[in-house]
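1. Here is my input; please provide its structure:
(one chain, ligands or ions: 1)
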Amino acid sequence: MPERVPAAPSGSRPDPRRLPGIFRGKRRVLVLTHRNPDPDALGAAVGLMHLLREGAGVETVLAMNGAIFRAENREMVERLEIPLVPFNTIDRSGFGAAAMVDTQPGFGHTVTPPDVPLLAVIDHHVPPGGELPTVPFYDIRTEYGATSTLVYEYLRAIPLPIPIRIATALFCGVRFDTADLERNASAADARAYDELLPVSDRRMLARIKNPNLPPEYFRELRRALGIARSHGGVVLAFLGKLSNPDMVSEVADLLLRYRGTKWTLAGGHHEGTYYVSLRIDAPGTDAYPMIRQILDGEGTFGGHGRIAGARIPVADKKAREIHALQRRIRERALALAGETRTRVERIG
Ligand SMILES: [Mn+2]
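-> The predicted model follows:
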């Protein structure tokens, strides 16, 4: 097994009551997160925007790179009326400060504008390595299952009241990043989950958890199941071109439930990027060093606990290049699994 990555030291946590003072008096604050934001990114962003508005009296704008594909995430944005502005349409000269949630400068899926001072970074992913950015408020908690848990704790610590819409968004963040506390959940996540649920809009939560799905979703899923193969405890699914890149993580999640599976790796190509998701169901195994080994220097990656993801830039339209990339990833994954190709099973 690969070596473990040490978590960030726990004693270095900054006091969240300093946050409003850091931003007070700033003209407007740009709130940033990773590309194709997920519920935890959205929940943490919405919570931080509330904190900055109510605690520091500043106006905030949530910038988005990429798009939102997964039906649950779209439903969350619509139901909770989360105001997302495309990053490249924003006039950055109108902002006096920026804050970043659920990601960090240096990750390949994250844009850090050089012309807006970054004053806070709040995340739970293992730092990308290299030099740490000098940011007045830098709180990375790799033992947390969700960044939304961290932001919830800030709101409690300051303290600020949490309206039902904000509570619902934060709950969604904890729920989806920890799979209802079943994955990577710390005691802090469990507490946030338990305290946020009674003050969330339950009807809205039910709708976000079970949204309607378009026909393309089922077509792409059927194709994915046809492609997936089990190699004695390891399920691999290289899906080629996808209209919905979130299908990669969904398929990795779903196939982890295939009987006898220790880990799953799924990949797929969408608009110039090859996406990879790793999911593990084996105690004591860290996803982060595993994905690093599987990528072997190709693309960028991040992960914590039993989940990891990666993005590899690929020239669009070059089917042969995608094919070769998928073959390299498959070979390295099989080498890591220690499995030979003699025990291959179809899934669906
Ligand atoms: Mn997260």
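
2. Quickly list what whichever residue of the stretch 201-348 of the chain sits closest to the ion is bridged to.
-> Closest residue of the stretch 201-348 of the chain to the ion, Cβ to the ion: residue 304 (8.0 Å). Glycine gets a C-beta too; all of them are placed from N, C-alpha and C. In this structure, residue 304 has the following beta-bridge partners (DSSP bridges): residue 307.

3. So what's the residue count around it?
-> The tally of other residues near residue 304 (other Cβ atoms under 10 Å) stands at 23.

4. With residue 18 instead?
-> Residues near residue 18, counting by other Cβ under 10 Å: 12.

5. Can you name the residues that contact it?
-> Shown in contact with residue 18 (Cβ atoms under 8 Å, 6 or more residues apart in numbering): residue 137.

6. Could you look up the SS state of it?
-> Recorded secondary structure, residue 18: helix (DSSP: H, G, I helix; E, B strand; the rest coil).

7. low-confidence ranges in this structure?
-> 1-12, 316-317, 339-342 (pLDDT under 70).

8. That one against the ion: which residues are in contact?
-> For the chain, the contact set with the ion under Cβ under 5 Å from the ion comprises 40, 102, 147, 177.

9. Throw those residues into a markdown table and include secondary structure and distance to residue 225, thanks.
-> Below are the residues of the chain next to the ion laid out as a markdown table (DSSP: H, G, I helix; E, B strand; the rest coil; distance: Cβ to Cβ, whole Å):
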| residue | secondary structure | distance to residue 225 |
| --- | --- | --- |
| 40 | helix | 27 |
| 102 | coil | 30 |
| 147 | helix | 32 |
| 177 | helix | 25 |
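
10. tell me the two of those residues that are most distant?
-> The most widely separated members of the residues of the chain next to the ion are 102 and 177, with 8.5 Å between them, by Cβ to Cβ.

11. Mind listing the shared neighbours of the two?
-> 38, 40, 147.

12. Drop anything exposed from these.
-> 38, 40, 147 (16 or more other Cβ atoms under 10 Å).

13. And whichever residue of the chain sits closest to the ion, how far from residue 201?
-> The ion sits closest to residue 40 of the chain, with a gap of 3.4 Å, by Cβ to the ion. As judged by Cβ to Cβ, to the nearest Å, residue 40 and residue 201 stand 18 Å apart.

14. Spell out which helix or strand contains residue 222, please.
-> helix 215-227 (DSSP states H and E).

15. what does that helix rub up against?
-> 71, 237-240, 242-244, 247, 250-251, 266, 347-348.

16. So residue 83 sits against residue 62, correct?
-> Yes: counting by Cβ atoms under 8 Å, residue 83 touches residue 62, with 6.1 Å between them.

17. And the helices in the stretch 101-250 of the chain, which stretches?
-> 147-157, 164-177, 187-196, 202-209, 215-227, 247-255 (DSSP state H, counting those that start in this stretch).

18. the strands in the stretch 1-150 of the chain, which residues?
-> Taking DSSP state E, counting those that start in this stretch as the criterion, the stretch 1-150 of the chain contains strands spanning 28-32, 59-64, 84-86, 97-101, 118-123, 137-140.

19. do the same with the stretch 201-348 of the chain
-> 229-231, 234-241, 263-270, 273-280, 300-304, 307-313, 344-346.

20. Export those to CSV and append columns for distance to residue 294.
-> Putting the strands of the stretch 201-348 of the chain into CSV (distance: least, Cβ to Cβ, whole Å) gives the following:
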stretch, distance to residue 294
strand 229-231, 14
strand 234-241, 10
strand 263-270, 7
strand 273-280, 7
strand 300-304, 9
strand 307-313, 8
strand 344-346, 18
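
21. Of all those strands, which one is nearest residue 191?
-> Nearest of the strands of the stretch 201-348 of the chain (Cβ to Cβ): strand 300-304, 18.6 Å.

22. For the residue minimising distance to the centre of the chain, which non-adjacent residue is spatially closest?
-> The C-alpha lying nearest the average C-alpha coordinate of the chain belongs to residue 38 (Cα atoms, centre = their mean; 5.6 Å). Once flanking residues are discounted, residue 38 sits nearest to residue 73: 6.1 Å by Cβ to Cβ, 6 or more residues apart in numbering.

23. measure stretch 51-65 end to end?
-> 22 Å (Cα to Cα, to the nearest Å).

24. Please apply the same query to stretch 49-65.
-> End to end - Cα to Cα - stretch 49-65 spans 18 Å.

25. ok, now stretch 225-240?
-> 13 Å.

26. mind putting the strands of the stretch 1-150 of the chain in a markdown table, mean neighbour count included?
-> Listed next are those as a markdown table, based on neighbours: other Cβ atoms under 10 Å:
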| stretch | mean neighbour count |
| --- | --- |
| strand 28-32 | 23 |
| strand 59-64 | 21 |
| strand 84-86 | 13 |
| strand 97-101 | 26 |
| strand 118-123 | 24 |
| strand 137-140 | 21 |
